[in-house]
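Peer 1: The sequence isn't on hand, but the structure is:
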Ligand code: ZN
C-alpha cells in the first residue's frame, strides 16, 4: 500500500476572525480552504492547525508526524515561539519534513531561520498579476501553462532579500510594472523548501486552479526522501574501518 504524505497546514488564522471581507472569502480560514482542495488527493492525509491552538498548533505529536508543513502567517510573526522555530528548522535540516511557507510567511521566523535572510521585500496595492512559468520541466510546474493571470493579488516586489534560490520556477509581473520571484525552491541540509508568493488574505489566489495544482505538486516534491539511514543534526565521528569491515 502506498504510504500517504502527512500534510499539516499551519495557519496564523487571525485575519479571518477580525475582518469581514477576509471571512467572506475564507469563512473557515485559509487553512481549511487549502485542505478542501488537497483532500481530493488520495496520496495525502491533510490536517489543519492554528497558532492559537495548544502549543501554537504544533505539539510534538503533530510536528513529529508531519511530512510536509505548510505555513501562512502575517500579523503574529513575533508571537511564534523561538523554541518551536528551532524544532521546525531541525526537522527540515535532518530531512524529516519538507516546508512550504506561503505568501506573507516570507517574513516569518521559520522561513528566516531555515533559509538564512530577513526575507524583506517591497509591497503595494492589490492589482493584476501574471505568473510566468519559467522552469516548466520542474515537477512543481507540471500541468501549469506558460503563464496564468490572477485578477487581483497584493503587490510583492523585488528586491526580495532571500539567498539565491536553488531553483527559480515562477516569476510574477504586476500591472504597475513590478516583478517578483514568486515561486522558488531551496535545499537546506537534507530538507526541501518551496516558497510561493500569491495568497493575500483578501484576494482569491487559492481559488485559482493553477495555484491549487502548484501547491499540490509542491507537497509531492517536498516530501522527505526515504534515505535508508538516519540523519542527525550533528557531525558524526567516523571510526576508521577497513574495506572488508564496511562491507560486512
Ligand atoms: Zn498579504
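Peer 2: That came in fine, so what should we check first? The shown structure was predicted, so the numbers you read here are calculated from the model rather than taken from an experiment.

Peer 1: all helices in this protein, in order from the N-terminus.
Peer 2: Here the chain has its helices, by DSSP state H, at 15-18, 20-25, 30-38, 60-63, 82-93, 109-115, 209-222, 243-246.

Peer 1: quick one: contacts for the residue most central in space within the chain?
Peer 2: For the chain, the residue whose C-alpha lies nearest the mean C-alpha position (Cα atoms, centre = their mean) is residue 100; its distance is 1.2 Å. Contact analysis of residue 100 by Cβ atoms under 8 Å, 6 or more residues apart in numbering lists 68, 69, 70, 71, 193, 194, 195, 196, 215, 218, 219, 222. In short, each C-beta sits where N, CA and C put it, glycine included.

Peer 1: any idea how far the residue nearest to residue 27 when sequence neighbours are not counted lies from residue 239?
Peer 2: Distance criterion Cβ to Cβ, 6 or more residues apart in numbering; nearest residue to residue 27, sequence neighbours excluded, is residue 16 at 7.6 Å. Counting by Cβ to Cβ, to the nearest Å, the separation of residue 16 from residue 239 is 55 Å.

Peer 1: Over to residue 30?
Peer 2: Per Cβ to Cβ, residue 30 is found 50 Å from residue 239.

Peer 1: One more: residue 57?
Peer 2: Counting by Cβ to Cβ, the separation of residue 57 from residue 239 is 41 Å.

Peer 1: List, one by one, the residues from the protein near the ion.
Peer 2: 104, 154, 200 (Cβ under 5 Å from the ion).

Peer 1: Name the residues linked to the second one by a beta bridge.
Peer 2: Read that as residue 154. As for beta bridges, residue 154 partners with residue 126 under DSSP bridges.

Peer 1: For it, list the residues it contacts.
Peer 2: Residue 154 makes contact with 103, 123, 124, 125, 126, 200, 203 under the criterion Cβ under 8 Å, 6+ apart.

Peer 1: Show the model's pLDDT score for the closest residue to the ion within the chain.
Peer 2: Residue of the chain nearest the ion, by Cβ to the ion: residue 200 (3.6 Å). pLDDT for residue 200: 98.

Peer 1: who's in contact with it?
Peer 2: Residue 200 makes contacts with 103, 104, 126, 153, 154, as judged by Cβ under 8 Å, 6+ apart.

Peer 1: again, 10 Å this time
Peer 2: Going by Cβ atoms under 10 Å, 6 or more residues apart in numbering, residue 200 touches 15, 22, 25, 74, 103-104, 123, 126, 150, 152-156, 206.
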